[in-house]
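Participant: here's my sequence, what's the structure:
(3 chains)
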Amino acid sequence: MAVHSERVQTQSPESGKAAVATIETSAARGDGAGTAKKKSARPADGRSIGSRLAPYLLLLPATVATLGLLGWPLLKTVLVSFQNLNARQLVQHLTEWNGFENYTEQLKDEQFWAVTGRSVAFTVLNVFLIMVGGALVGLLLNRLGKKMRLLLSIGLLFAWAMPVVASTTVYTWLFETRFGVVNWLLDSLGWHSMAAYNWTGSQYSTFFVILLLLVWGSIPFVAFNMYAALTTIPKELYEAARMDGAGSVKIFTAVMFPNLKPFFLATTFLEVIWIFKAFTQIYAIKAGGPDGLTRTLPIHAFLEGSGRQHYGTGAAIAVLTILILGVLMAYYFRIILKQEDEL
Amino acid sequence: MKRQLIAAVGVAAMVVGLAACGSDAKKTDSGNSASGSSGSSATADGKKDYNGKTLKVWLMTGSAPKGWTDSVKSDFETAYPGSKVDFQIQEWTGIGPKVTAALSEGSVDVLEVGNTQTAGYAATGGLLDITKDKAAIGGADWAANQSESAILDGKQYAAPWYVTNRVVSYNKDLWTKAGLSIPKTLDEFYTALEKLKTTEGVADPIYMPGQEWYVYFGLLTSEGGKLAKKDGDKWTGGLSTPEAQKAFDVYKKLQGYSTTGAKDKDEAKPQQKDVFGKGDVGAMIGLGWELPDEKAMAKDKIGFFPLPGKTADKPSGAFLGGSNLAVASASKNTDMAKDFLKIALNDKNEGAVAASGLIPNKTSLNDKVVGDFASAAKLAAVVGGITPTTPNWASVENDPNPIKEFLTAALTGDYAAAAKKADDEIAKRLNAKQ
Amino acid sequence: MRRSLIGRTWPNVVAVVLFVFFAFPVYWMISTAFKPSKDIISKTPVFVPFDATLEHFKTAVNVPKFWTYTANSFIVTVLAVVISLVIATLASFAIARMRFRGRKVFVLVIMAAQMAPWEVMTIAVYLISRDNEMLNSLVPLTAFYMMMVLPFTIWTLRGFIAAVPKELEESAMVDGCTRTQAFVKVIFPLLAPGLMSTSLFGFITAWNEFPLVLIINKTDGQTLPLWLSSFQTAFGNDWGATMAASTLFALPVLILFVFLQRKAVGGLTDGAVKG
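Facilitator: Below is the predicted model:
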């Protein structure tokens, strides 16, 4: 029952969703204990047709849903990306194939490459901040006393539970030029030139607001998971390390990090996806402005496609976005597939 | 052992019924779903069968004057007993793609389209050609300068509804306090704004965010400039011309007086009527429906004059914004829709439009145009203009609108670079294939 | 001595600072919603709304069709979450407990499906919905929202199922339960928290969804995110009303969080003790 008690500990964080990703990390880890038992519990062969069909029957609804509701739109996106589909074709239900024209147009377009570079840089910076910040907050949660931990957890929970559309609206209000509380605070702290500062007036200040919004909203998830992962590390390990004369850095690298690796893998995987795809936050703050300088790939695809009603172009950018995300994630897929092999 | 199959069924059973262990867990199957759902609607129609027919009408926010929709609705529903008119009010922001989508679905029967966007929608094939019905709807009397925005390749794709233009609305109390009278020239206007700046109780002499491109359009018209020109079969943007630069100098000077108008916002974010309604703003440039709620500021506290010109003989130009009413070609009720136009645009209802201060589609109704706003607006309408009537123009107004971005960029940086960039984008959009 | 005092104090100080950082925007939203307008538009912010007013909430709720939007949002979100839980439980049981050919492919697809950039596929979804005459209805919304949360739900539930020790199931069967009964009696109680925390995630995703409903439902079947965003346009700098609207929008999620998070943690511990 050692496995079981470890699980119970894993489930003890303040929130439900923390438990989610912890489990997920342990699932990614390969669930060594479960696998060992499985073999003995299952007859090696001689299974009837029914039992062989069982897993497929169980997967049927999910497969049908995925094919119909995800596969179809994806295929449709690819098809549209090879079409000249503008307002006229849309209204009259016309299909005009134009080969790779939408793609060559994009690949030759400076703006597309600028947006791509910006998207990648934006994702890297953001995920880095979220992971470091989240990990530090997680460590802090682990170190705090009961009352203070509860306090901080409540704060994190608030930020986490805020629906994106609402929090984006709140941030526009916080950073409002004339009556925003941020400008008031900066002004009263002595930075008087910020009294009526227009945050969405320049590229970097707009990005700053978006970045803060994303980091603010994403850290709780990482922090709770970090904390949950930390609680799974047996206390004896620390003590043993300390007795061997290890310093705190050594303890982190030798004891904590190996145990936290699955956590880092799984949360980074999810954060990269979520940040790269972030749409509402960026769109609602300034719609990719000023001057298109905060456009990331999803925003670009939306504005060029739906906004300007060159749907074929938008679809081509969408396909390119998917490919780029795929390349970014390839590393993770390899790791996770490897773990599936072990299972 | 069919263990896995059993497990599969087990999961399914759990999910469906959350059945208790050991019990037989028979669901109450209830096969009698086909009970008398048809009900007794009975349809006791002695009249024509318009029963259950709904005419979907899209109007833009702010367009229809008070009471207009009710009046049209009841007129129409009397003429077509049993039918219903369903008015949907749409926001201007992001309207282009929305209308295109609706036209492709046939989910709208009659819709209000901006006069600068009508040619664009017509070119998609989404608007019904009403050339033949023009006379029946009342087209013989339409003002030609309004009707032409709805004509593409000689065919009529919409009926003109109204036009209007922006004037300066000013806070009478504050102007009295500053001892000002109505300016006749731009220089006088500048002096007035200068004076308002130092008047007590004035937070902003004129509320003017940086992206009021309709105001810039008016100034450009005064200078004889155009946003875009067609050379042969290619369009080129017109912002890099000396006329455009001169117009911009005026625009920049005016905008410079606005202490609270953000250089990267337009008049809708926030709604300038709300800003003006706070009572500490000297003036704004806006439309007749962009006035504060009666609660916030009484009507008689607001005065109007057209934006003055460089000389006293005529005011600055203005953008003749307006709307047309069109029938969607995918509509399943085109006959009803055409009759809706007839009813909506008859002298009674169109007269109500005129009475609200908008310029109606027939000159014969012009004497119904009353009010302080309208009399100021009429002065500028004479020197008003409209954007190029070309199918692709609508896409220039799509977000992000290059003219708005140009204004912000030029207000905060280098004019030539901003103009060049916007011209390229305008040309790109106008020359795009459809 | 002094050092250790500092050593003991700084984490608490940092915790308080972080608490303020994370909680303040939420507090500011709620307090702005209750403040009279003159306190909102004031040069020095009013931090506590002493003369609270419900004016802004009235404005927010009085927007035409507010209740329709609310009903739509709830219907779509709840249906999407429930359906995805059903489908995901079946699928995740298979991949967590069974070995079969094609399992790896399925896992890979589920992984990849989490990356699906729905925001850029809106036009495809629109065309599909249009060509099947399902616009301005809640059906396509429900279906696609379900699909948006399905991969994550499967992925997570599979972890929960895998985490239940097989011995528990087996010992129940030794006691005379069939496998089905063992599942219902043993795995399900342990799974309940997993179902709850997963549904929480699903709820947030579907509740928030915005780009898709924007294009699919232009007249009927609109949901609260649209209401909130159009509200912002229509009411411009009426920050009181906008914040009241945001508060109303955030409320169900906040409530759900408080409620489910307790249940999720508590339920799991209970199940473990019994097992």
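Participant: C-alpha only now, for contacts and for neighbours.
Facilitator: OK.
Participant: ok, and does the helix or strand harbouring residue A:223 reach over to chain C?
Facilitator: Following DSSP states H and E, the helix or strand that holds residue A:223 is helix A:203-231. Yes: judged by C-alpha under 8 Å from any C-alpha of the partner chain, helix A:203-231 comes into contact with chain C through residue A:216.
Participant: quickly list the domain ranges of chain C.
Facilitator: Split into domains by automatic domain parsing, chain C comes to C:2-40, C:65-274.
Participant: which one of those has the poorest average confidence?
Facilitator: Mean pLDDT is lowest for domain C:65-274 among the domains of chain C, at a mean of 82.
Participant: still on that earlier bit, ok, which of the domains of chain C comes nearest residue B:287?
Facilitator: Shortest distance between residue B:287 and the domains of chain C, using C-alpha to C-alpha, is found for domain C:65-274: 16.1 Å.
Participant: chain center to the closest one, what's the gap?
Facilitator: Computed by C-alpha atoms, centre = their mean, to the nearest Å, the separation of domain C:65-274 from the middle of its chain amounts to 7 Å.
Participant: chain C contacts on the stretch 201-343 of chain A?
Facilitator: A:216, A:273, A:277, A:279-280, A:298, A:301-302, A:306, A:311, A:314-315, A:318, A:322, A:325, A:333, A:337, A:340.
Participant: any low-confidence regions in chain A?
Facilitator: Along chain A, the model assigns pLDDT under 70 to residues A:1-48, A:50, A:339-343.
Participant: do the same with the stretch 1-150 of chain B
Facilitator: For the stretch 1-150 of chain B, the stretches flagged by pLDDT under 70 are B:1-49.
Participant: surely residue C:16 is in contact with residue A:152?
Facilitator: Yes: using C-alpha atoms under 8 Å, residue C:16 is in contact with residue A:152, at 7.1 Å.
Participant: would you map the helices across chain C?
Facilitator: All helices of chain C, identified by DSSP state H, fall at C:2-34, C:37-40, C:55-61, C:66-97, C:103-113, C:122-131, C:138-163, C:166-174, C:179-182, C:188-208, C:211-216, C:224-235, C:239-274.
Participant: stretch A:153-167 and chain C, any residue contact?
Facilitator: Yes: using C-alpha under 8 Å from any C-alpha, stretch A:153-167 reaches chain C at A:154, A:155, A:156, A:158, A:159, A:161, A:162, A:163, A:164, A:165, A:166, A:167.
Participant: export stretch B:366-373 as CSV, just CAs?
Facilitator: C-alpha atoms of stretch B:366-373 as CSV (Å, rounded to 0.1, in the frame of the first residue of the first chain):
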residue,chain,number,x,y,z
ASN,B,366,-36.0,68.2,-46.2
ASP,B,367,-38.2,70.8,-44.6
LYS,B,368,-39.0,68.2,-41.9
VAL,B,369,-35.4,68.3,-40.8
VAL,B,370,-35.5,70.3,-37.7
GLY,B,371,-33.4,70.9,-34.6
ASP,B,372,-30.2,72.8,-33.7
PHE,B,373,-28.1,69.9,-34.7
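Participant: let me see the mean pLDDT of it.
Facilitator: 82.
Participant: quick one: it to chain centroid distance?
Facilitator: Worked out by C-alpha atoms, centre = their mean, stretch B:366-373 lies 21 Å from the chain centre.
Participant: ok, back up a step: which one of the domains of chain C is the most hemmed in?
Facilitator: domain C:65-274 (a mean of 21; mean count of other C-alpha atoms under 10 Å in any protein chain shown).
Participant: report the central residue of chain C.
Facilitator: In chain C, the residue lying closest to the centroid (C-alpha atoms, centre = their mean) is residue C:204, at 1.9 Å.
Participant: what about the strands in the stretch 151-300 of chain B?
Facilitator: Assigned strands in the stretch 151-300 of chain B, in chain order: B:151-152, B:155-156, B:159-164, B:167-171, B:204-207, B:228-231, B:234-237, B:281-286 (criterion: DSSP state E, counting those that start in this stretch).
Participant: my bad, should have said chain A
Facilitator: Along chain A, counting by DSSP state E, no stretch forms strands.
Participant: then stretch B:105-120 to PDB, C-alphas only?
Facilitator: This file holds the C-alpha atoms of stretch B:105-120, laid out as PDB (Å, rounded to 0.1, in the frame of the first residue of the first chain):
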ATOM      1  CA  GLU B 105     -26.500  32.100 -44.700                       C
ATOM      2  CA  GLY B 106     -29.700  33.800 -45.600                       C
ATOM      3  CA  SER B 107     -30.200  34.500 -41.900                       C
ATOM      4  CA  VAL B 108     -31.200  38.100 -42.500                       C
ATOM      5  CA  ASP B 109     -33.800  39.500 -44.800                       C
ATOM      6  CA  VAL B 110     -33.400  43.200 -44.600                       C
ATOM      7  CA  LEU B 111     -30.300  45.000 -43.400                       C
ATOM      8  CA  GLU B 112     -28.900  48.400 -42.900                       C
ATOM      9  CA  VAL B 113     -25.600  48.900 -44.700                       C
ATOM     10  CA  GLY B 114     -23.200  51.800 -44.400                       C
ATOM     11  CA  ASN B 115     -23.100  53.900 -47.500                       C
ATOM     12  CA  THR B 116     -19.300  53.400 -47.900                       C
ATOM     13  CA  GLN B 117     -19.700  49.700 -47.600                       C
ATOM     14  CA  THR B 118     -22.700  49.100 -49.900                       C
ATOM     15  CA  ALA B 119     -20.700  48.700 -53.000                       C
ATOM     16  CA  GLY B 120     -18.500  46.100 -51.300                       C
END
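Participant: say whether chain C is contacted by that stretch.
Facilitator: Yes: counting by C-alpha under 8 Å from any C-alpha, chain C is contacted by stretch B:105-120 at residue B:105.
Participant: so which bits of that stretch are buried?
Facilitator: B:105-120 (16 or more other C-alpha atoms under 10 Å in any protein chain shown).
Participant: over to stretch B:169-179?
Facilitator: B:169, B:170, B:171, B:172, B:174, B:175, B:178.
Participant: that stretch spans what distance, first to last residue?
Facilitator: Using C-alpha to C-alpha, to the nearest Å, the end-to-end distance of stretch B:169-179 comes to 17 Å.
Participant: so how far is that stretch off the chain centroid?
Facilitator: Using C-alpha atoms, centre = their mean, the offset of stretch B:169-179 from its chain centre is 30 Å.
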